[in-house]
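J.: Could you work out the structure for the sequence below:
(chains A, B, C and D)
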There are 2 protein chains.
Amino acid sequence: MTTRNPAILAWLHMLRIHQQVQKTETAHLAPFNLTLPQFDVLAQLYSEEGITQQTLADRLYVTKGNVCGLMDRMVEQELVERRADPQDRRAYMLHLTTKGKRLIETVLPLHTQLLAAQFDSLASDKQKHLLDLLSELDRALEGHAA
Amino acid sequence: MTTRNPAILAWLHMLRIHQQVQKTETAHLAPFNLTLPQFDVLAQLYSEEGITQQTLADRLYVTKGNVCGLMDRMVEQELVERRADPQDRRAYMLHLTTKGKRLIETVLPLHTQLLAAQFDSLASDKQKHLLDLLSELDRALEGHAA
DNA sequence: GTAAGATAGTTTAGACTTGAACTACTAATA
DNA sequence: TATTAGTAGTTCAAGTCTAAACTATCTTAC
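T.: Alright, predicted model coming up:
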């Protein structure tokens, strides 16, 4: 890291942290035969059922084409159901199957715990401070996006 | 964001920031016909030429299989050269071509500037503070990895 | 020197992701 | 109501990424 610019350095650290945390998450999910994107789908549908593929795509900040393939695989595995929407024949209403619900209820607590544990090397007040800074940056970038 | 845990919230913000910054980076690189991973390769080789594919993989924290495909495409585009290593007939020494060097020298300054600009919504002291926290977390996770 | 083990690179199968083109359906408007 | 515009979902090509199996080459230890 030859750069002196604090922004660049912060970004490089963020990349490393992102990579490291995701690697740990992925390793945790693998025994359940779940990928990280699939976990994200289950977690989202667990908190908000009956949404369309497009809405799910919006929630996860990905394209609808992406969600379409993801759903193909997850329907195949019987984790998710595509129900017809009587109000709109173009759309599906997405629902967790019993299997999907059971899986996310098993995996989510451990997952949350694992994630929290990774941040626990930081003292509690530092975690809060980090949250504040990231929160501010996130909010600022939303505007930047436009 | 219904979660109350500061670690989880921080992580969610980090995900969003990561996504947003990468989207901006990707958009900046597109006119140069460069993907983000390809940019990373050029930037790395610009700072350290003559390394092997395996070393490059280590530097970028990806697998050698990944680098192999990346190099195939970048050699095809004449951005990078695979030179034989007289010391080790298994290995290549990777070098930027003139075209690759010219490209990274064009793109890198703008890219750095763009990245810094994204963090400029945060006051200078907050940027430094963020760097400190991320740096500490990064270091801590390195140990966690093992 | 040679056999065993390690290392550099390649290949493959499978999953993910995007953007763009396409189909089917809905909504809006003239 | 008929045309037009917009929206939900699908498909495709291209790139990315991993893990695992494979080839070729080194290295090491007998």
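
J.: who's in contact with A:T26?
T.: A:35-36 (CB atoms under 8 Å, 6 or more residues apart in numbering or on different chains). Quick note: C-beta positions are derived from backbone N, CA and C, even for glycine.

J.: Mind listing what's buried along the strand or helix carrying it?
T.: A:T26 is part of helix A:6-29 when elements are defined by DSSP states H and E. By 16 or more other CB atoms under 10 Å in any protein chain shown, the buried positions in helix A:6-29 come out as A:6-18, A:20-21, A:24-25, A:28-29.

J.: The following helix or strand past that helix and DNA strand C in contact?
T.: Counting by DSSP H and E, the next helix or strand C-terminal to helix A:6-29 is helix A:36-47. Yes. Using CB under 7 Å from any atom of the strand, helix A:36-47 comes into contact with DNA strand C via A:37-38.

J.: wait, does helix A:36-47 contact chain B?
T.: Yes. Under the criterion of CB under 8 Å from any CB of the partner chain, chain B is reached by helix A:36-47 at A:S47.

J.: pull the CA atoms of that helix into PDB?
T.: Only the C-alpha atoms of helix A:36-47 are listed here, as PDB (Å, rounded to 0.1, in the frame of the first residue of the first chain):
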ATOM      1  CA  LEU A  36     -24.400 -16.300  -0.400                       C
ATOM      2  CA  PRO A  37     -26.700 -14.900  -3.000                       C
ATOM      3  CA  GLN A  38     -29.200 -17.700  -2.200                       C
ATOM      4  CA  PHE A  39     -28.900 -16.900   1.400                       C
ATOM      5  CA  ASP A  40     -29.700 -13.300   0.700                       C
ATOM      6  CA  VAL A  41     -32.800 -14.300  -1.200                       C
ATOM      7  CA  LEU A  42     -34.000 -16.500   1.700                       C
ATOM      8  CA  ALA A  43     -33.300 -13.800   4.200                       C
ATOM      9  CA  GLN A  44     -35.200 -11.200   2.200                       C
ATOM     10  CA  LEU A  45     -38.200 -13.400   1.500                       C
ATOM     11  CA  TYR A  46     -38.200 -14.300   5.200                       C
ATOM     12  CA  SER A  47     -38.700 -10.700   6.100                       C
END
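
J.: Tell me the buried residues in it?
T.: The neighbour-count check on helix A:36-47 (16+ other CB under 10 Å) flags A:37-45 as buried.

J.: and the next element down the chain from that helix?
T.: That would be, after helix A:36-47 and using DSSP H and E, helix A:53-60.

J.: re earlier: export the buried residues of helix A:36-47 to a markdown table and append columns for pLDDT.
T.: Formatted as a markdown table, the buried residues of helix A:36-47 follow (pLDDT from 0 to 100):
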| residue | pLDDT |
| --- | --- |
| A:P37 | 98 |
| A:Q38 | 98 |
| A:F39 | 98 |
| A:D40 | 98 |
| A:V41 | 98 |
| A:L42 | 98 |
| A:A43 | 98 |
| A:Q44 | 98 |
| A:L45 | 98 |
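
J.: And the residue most central in space within chain A, how far from B:N5?
T.: The residue lying closest to the centre of chain A (CA atoms, centre = their mean) is A:D40, at 3.9 Å. Distance of A:D40 to B:N5, given as CB to CB, to the nearest Å: 17 Å.

J.: just A:P109 next, same as before
T.: 12 Å.

J.: So these two - more neighbours on which side?
T.: More neighbours surround B:N5 than the other of A:P109 and B:N5, with 15 against 10 (other CB atoms under 10 Å in any protein chain shown).

J.: Can you give me every residue that contacts that one?
T.: A:112, A:116.

J.: and it, what pLDDT?
T.: Note on B:N5: pLDDT of 87.

J.: Can you report phi and psi for it?
T.: Dihedral angles of B:N5 (phi, psi; degrees, to the nearest 10) stand at phi -60, psi 120.

J.: where does A:H95 fall, helix, sheet strand or coil?
T.: strand (DSSP: H, G, I helix; E, B strand; the rest coil).

J.: name the element A:R83 belongs to?
T.: strand A:80-84.

J.: what separates that strand from the chain centre, distance-wise?
T.: On the basis of CA atoms, centre = their mean, to the nearest Å, strand A:80-84 sits 21 Å off its chain's mean C-alpha point.

J.: Compute the inter-axis angle for that strand and helix A:53-60.
T.: Going by axes from the mean of the first three to the mean of the last three CA atoms, to 10 degrees, strand A:80-84 is angled at 140 degrees with respect to helix A:53-60.
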